[in-house]
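J.: this is a predicted model, with the sequence first.
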Amino acid sequence: MRLRPPPRAVPLPLLAGCLLACCLSCTGGDRAGGPDAGAPGVGDRLFPDAGNGGYHVGHYTLDLDYDPASGRLRGTATLTATADQDLSRFDLDLAGLDVRRVTVDGTKARTSRAGTELRISPAHPPRRGAHFTTTVEYQGVPRLLTDPDGSHEGWFRTDDGALALGEPVGSMAWFPGDDHPSDKAGYDITVTVPHNLTAVSNGELLTTRPASGGRTAYHWRSAAPMATYLATVAIGHFDVTRSTTPDGLPLYVAVDPRSDDAETAATLARIPEILRWEEGLFGPYPFASAGAIVDHLPRGRVGYALEAQNRPVFPGDGPPPAVDPVTLVHELSHQWFGDSVTPAAWQDMWLNEGFATLTEWLWQEHEGGPSLDASAADAFADSANWAFPPASPPDAAAVSAAPVYGRGALVLYELRRTLGASAFDRLLKAWPAAHRHGNASTADFTAFCARFTSRDLRPLFATWLYGAERPAHL
């Protein structure tokens, strides 16, 4: 994600020596000899209601039907999951929308709603270790959600369709799920739309088939595990370009015709070049396809691009160019840092944005722009980057604030100076390889770095990652 406007006031955080472990609030299910209810959240420090306890999802099958004229969405979500405990009840995250019917393993389940929690009481409670299937039929007009920092996410209704963006907790605006980055799953997403529109999503397009009423169904599959916040759907008029990189990687690029300016087209044509350059830094591209989505959105409602898995999304409602090379480099680097290696908790966001910002600096140097040292010096001089330590955002409003980006990149810059360029280059490849398609925390990263030096790195991390004060000099 690109930097969002900072909150009006950010209090200085208390120093944290380590991050909260992202874990379930509810343990075993044998108290009093019976199953327990799964927790309504995973205990994330910044978003305590995000996600759910008691199970993990392995796969989502989403069958969606959207009517742009009315804005109504009809959906059937089928989740296959594994119980982490004996479950008398479990929750899914869902904001708004009317739930028509819920079944667990084919049998109708009792449900209730509490805020964004859909509470499900199965007729036959799953036992610990059991695989179970939950099907939710729902409908309604999906809504936008307002984040603590004032930005918007969820379901954006456009003049020719819609766009779904989910970071940090917007996916629950359009499908029920375990909405926390620690629970990644595979996806099959089928979207049925009027015949003259296109539906774009994550992964690879498997089929395009006629549907009833002169409509068309697009079936997308993401076999690689994906966090809920990275799922996207774009519906509308698009100029679609399908190609492959010189290495044979399929590319799918969808651009709203109103945002298809010459500079944007030239930038998007550089995707193969940028991916090849990033592979030289980070190792093999981690997914089966790549690309981009550029959509014309309601002006003023979206102020950021988002690293949706396989194909980042860019708002095309501003002056041209809709996409610039540095932004594209930033979002594509997230395919390694954020999408493949996903944060264990939201306060680990600097592991996404610090790496992506450092990639910007390296690209600018590669292109003959400011040197890496000059970019680091500019970030060091920017007081906004010192509002709080990057590994310890004070609250949910700060999850995408400047220190997560600029000071996060400075942590990595200082690490490069300490390890040496050669050892740091090895780390840049080894880190995404070690956690490919998984989750990782700041504690995981700091421990991992120790493999690349005999020096004690604790003073570096204490100062640059957790320190409250700006050092005297870079």
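T.: Arrived safely, thanks for sending.

J.: measure stretch 111-122 end to end?
T.: With CA to CA, to the nearest Å as the measure, stretch 111-122 spans 9 Å from end to end.

J.: repeat that for stretch 220-240.
T.: 15 Å.

J.: buried ones in it?
T.: Neighbour-count burial for stretch 220-240, counted by 16 or more other CB atoms under 10 Å, picks out 220-222, 224-238. (C-beta placed from N, C-alpha, C; glycine too.)

J.: and it, how far from the chain's centre?
T.: 11 Å (CA atoms, centre = their mean, to the nearest Å).

J.: what ranges do the strands span in the stretch 251-400 of the chain?
T.: Taking DSSP state E, counting those that start in this stretch, the strands of the stretch 251-400 of the chain run over residues 290-295, 313-315, 341-343.

J.: the first one: partners in the sheet, and parallel or antiparallel?
T.: Spelled out, that is strand 290-295. strand 250-255 (parallel), strand 313-315 (parallel) (DSSP bridges).

J.: what's the average pLDDT for that strand?
T.: When pLDDT is averaged over strand 290-295, the result is 98.

J.: repeat that for the second one.
T.: Looking at strand 313-315 alone, the average pLDDT works out to 96.

J.: circling back to that earlier point, so which of the strands paired with strand 290-295 is nearest L165?
T.: L165 lies closest, by CB to CB, to one member of these: strand 313-315, at 6.4 Å.

J.: for stretch 213-222, buried residues please.
T.: Across stretch 213-222, burial judged by 16+ other CB under 10 Å covers R215, T216, A217, Y218, H219, W220, R221, S222.

J.: check contacts around E153.
T.: Listed by CB atoms under 8 Å, 6 or more residues apart in numbering, the contact partners of E153 are L144, L145, D147, L165, G166, E167, P168, V169, G170, A173.

J.: just read off the phi/psi values of it.
T.: phi -150, psi 180 (degrees, to the nearest 10).

J.: quick revisit: could you dump the strands paired with strand 290-295 into CSV with mean neighbour count and distance to N439 added?
T.: Shown next, in CSV, are the strands paired with strand 290-295 (neighbours: other CB atoms under 10 Å; distance: least, CB to CB, whole Å):
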stretch, mean neighbour count, distance to N439
strand 250-255, 20, 26
strand 313-315, 26, 22
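
J.: a markdown table please, covering those strands and showing distance to T135.
T.: Converted to a markdown table, the strands paired with strand 290-295 look like this (distance: least, CB to CB, whole Å):
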| stretch | distance to T135 |
| --- | --- |
| strand 250-255 | 29 |
| strand 313-315 | 28 |
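
J.: counting neighbours, what do you get for the closest residue in space to P389 that isn't next to it in sequence?
T.: Nearest residue to P389 in three dimensions, chain neighbours excluded: Y466, at 4.8 Å (CB to CB, 6 or more residues apart in numbering). Applying other CB atoms under 10 Å, we find 20 residues neighbouring Y466.

J.: isn't Y466 right up against F388?
T.: No - contact criterion CB atoms under 8 Å: Y466 and F388 do not qualify, at 10.1 Å.

J.: for L372, find the nearest of the strands of the stretch 251-400 of the chain.
T.: strand 341-343 (22.1 Å).

J.: what's the closest one packed up against?
T.: Counting contacts by 3 or more CB pairs under 8 Å, 6 or more residues apart in numbering; DSSP states H and E, strand 341-343 packs against helix 350-366, strand 438-440.

J.: and it, average pLDDT?
T.: Averaging pLDDT residue by residue across strand 341-343 gives 98.

J.: other residues contacting that strand?
T.: Contacts of strand 341-343 (CB under 8 Å, 6+ apart): 181-182, 184, 227, 230, 349, 351-352, 431-432, 435-436, 438-441.

J.: point out where the protein drops to low pLDDT.
T.: 1-33, 300 (pLDDT under 70).

J.: for D63, which residues are in contact?
T.: Contacts of D63 (CB under 8 Å, 6+ apart): G75, T76, A77, T78, T190, T192.

J.: quick one: the helices in the stretch 201-350 of the chain?
T.: Using DSSP state H, counting those that start in this stretch, the helices found in the stretch 201-350 of the chain span residues 262-268, 271-282, 325-333, 350-366.

J.: and the first one, how far out from the chain middle?
T.: Spelled out, that is helix 262-268. Taking CA atoms, centre = their mean, one finds the center of helix 262-268 at 25 Å from the center of the full chain.

J.: confirm that D44 sits in a strand.
T.: No - counting by DSSP: H, G, I helix; E, B strand; the rest coil, D44 is not found in a strand; it is coil.

J.: roughly how far apart are it and V169?
T.: The gap separating D44 from V169 is 10 Å, by CB to CB, to the nearest Å.

J.: looking at these two now, which is surrounded by more residues?
T.: Set D44 next to V169 and count neighbours by other CB under 10 Å: V169 wins out with 26 against 23.
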